[in-house]
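S.K.: got a predicted structure here, sequence first:
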Amino acid sequence: MRNHDRTLFRVKLGFLAVFILISAGILIYGVFYEMPRRKCEAAGGWWTDKYRSCETPIYLPLLTGRKAGEPRKIIWPDAQKAGQASNGAPRPEEKPASASASSSVAASQ
């Protein structure tokens, strides 16, 4: 019976140690992750989990110069200008006709 009591006591200590470790982990998570996030959001900031930093939002009309609530004006090209729009591909260089003629004359001499 004595060996049985010792085993039960060790199991109790094991569960107590696991409980203490889990409780300490929850407290550490709360102090280092949850409390800074809550403080940031309470102050009106944006919390980023990736960098663990509190960022201040910038009011968009300050950047764009538009009044609050003013929509962005998009100027769409008409059908004629849309056909002339560049697609971003580089255009081949065009040599003037007089330059190519003079170079062939110089090569033949």
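M.R.: Structure's in. What do you need? Numbers count the residues shown, from 1 in each chain.
S.K.: now the strands for the protein?
M.R.: Along the chain, counting by DSSP state E, strands occupy 46-48, 53-55.
S.K.: would you turn those into TSV with mean pLDDT and mean neighbour count?
M.R.: Quick note: C-beta positions are derived from backbone N, CA and C, even for glycine. Formatted as TSV, these follow (pLDDT from 0 to 100; neighbours: other C-beta atoms under 10 Å):
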stretch	mean pLDDT	mean neighbour count
strand 46-48	92	13
strand 53-55	93	13
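S.K.: okay if I get those strands as TSV plus distance to residue 37?
M.R.: Converted to TSV, the strands of the chain look like this (distance: least, C-beta to C-beta, whole Å):
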stretch	distance to residue 37
strand 46-48	5
strand 53-55	8
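S.K.: out of those, nearest to residue 76?
M.R.: Closest approach to residue 76 among the strands of the chain is made by strand 46-48 (33.5 Å; C-beta to C-beta).
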